[in-house]
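Asks: structure for this input, please:
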Amino acid sequence: MTVQGKTVLVTGGTSGIGEAIARAYAAEGADVVITGRSDERGRRIADSLTKDGTQMRFIRADLGNFDDVQRLARQADRVDVLVNDAGAFPFGPTAEVDSDVFDSTYALNVKAPFFLTGAFAPRMAANGGGAIVNVSTMVASFGMPGMALYGSTKAALELLTKTWAAEYGPQGVRVNAVAPGPTRTPGTEAMGDNLDQIAATLPLGRPASPEEIANAVVFLGSDEASYINGAVIMADAGITVT
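Replies: Just a heads-up that it's a prediction; the model follows:
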């Protein structure tokens, strides 16, 4: 896929799906900037991907903190592809969600992508165009017990995806999203057997690997997806259509 020479910013790029996205873009020849909260993990991943002329940079940022969002927007400078992957996914009954968790989840899952897009999309337009890919979830499209908070943040992100596609598309900036189904990552280890039980209900009958989700994200950021704008790609094994 044609991403060679592009600079790609992947938020939450130090683990799970975000790390797989960063590695997939780097493998295609893109220069990649990753963010995360762990200096040790971020620098280790950046060092492992800096090879064959491909540049990898790590910027430490806690995107639940708005000061870090603003600092990242300044430090990353020119970006051709923005991947809004960083997110929190608290599960549990609505009645047990406290105000602090609610606010922190919306800050990371909605507020950070909102203001990063507001910072980078105009710059992309001034540079001749670009692409933004938001990472959503299958439970943005249907109700599932225990997913009210998480699902609602990603439903908001999908609406923003469509709105930004209309707002920035005329300026040459495409905005799309990928909505994964259950994916086996370090972050979903806490789900234990529940992950496999959910995956067993899907038409493909298994969880995704992070690399399978990353492939869809890389495609949407590539020149091959040049006429795709405002789409939500359901990487969910077919559950939302059945």
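Asks: who touches the closest residue to Arg206 other than its chain neighbours in this structure?
Replies: Sequence neighbours aside, Ala199 is the residue nearest to Arg206 in space, at 5.3 Å (criterion: C-beta to C-beta, 6 or more residues apart in numbering). C-beta coordinates here come from the backbone N, C-alpha and C atoms, glycine included. Neighbouring residues of Ala199 by C-beta atoms under 8 Å, 6 or more residues apart in numbering: Gly181, Pro182, Gly205, Arg206, Pro207, Ala237.
Asks: out of those, which end up buried?
Replies: If you count burial by 16 or more other C-beta atoms under 10 Å, the buried members of the contacts of Ala199 come out as Gly181, Pro182, Pro207, Ala237.
Asks: pick the one among these closest to Asn229.
Replies: Gly181 (23.4 Å; C-beta to C-beta).
Asks: the residue nearest to the closest one when sequence neighbours are not counted: neighbour count?
Replies: Ranked by C-beta to C-beta, 6+ apart and with sequence neighbours excluded, the top spatial neighbour of Gly181 is Asp236, at 3.4 Å. A count of neighbours around Asp236, defined by other C-beta atoms under 10 Å, yields 24.
Asks: residues touching Asp236, list them.
Replies: Neighbours of Asp236 in contact, by C-beta under 8 Å, 6+ apart: Met138, Ala179, Pro180, Gly181, Leu202.
Asks: can you give me phi and psi for the last one?
Replies: Spelled out, that is Leu202. Geometry field for Leu202 lists phi and psi as phi -80, psi 160, criterion degrees, to the nearest 10.
Asks: quick one: pLDDT of Gly53?
Replies: With respect to pLDDT, Gly53 scores 61.
Asks: Leu159: neighbouring residues, count only.
Replies: Leu159 has 11 neighbours, counted by other C-beta under 10 Å.
Asks: any idea how far Thr94 is from it?
Replies: Computed as C-beta to C-beta, to the nearest Å, the Leu159 to Thr94 distance reads 21 Å.
Asks: ok so, going back, could you redo the buried ones among the contacts of Ala199 as JSON lines and give each row secondary structure, pLDDT and distance to Val10?
Replies: Listed next are the buried ones among the contacts of Ala199 as JSON lines, based on DSSP: H, G, I helix; E, B strand; the rest coil; pLDDT from 0 to 100; distance: C-beta to C-beta, whole Å:
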{"residue": "Gly181", "secondary structure": "coil", "pLDDT": "90", "distance to Val10": "20"}
{"residue": "Pro182", "secondary structure": "coil", "pLDDT": "87", "distance to Val10": "21"}
{"residue": "Pro207", "secondary structure": "coil", "pLDDT": "87", "distance to Val10": "21"}
{"residue": "Ala237", "secondary structure": "coil", "pLDDT": "91", "distance to Val10": "24"}
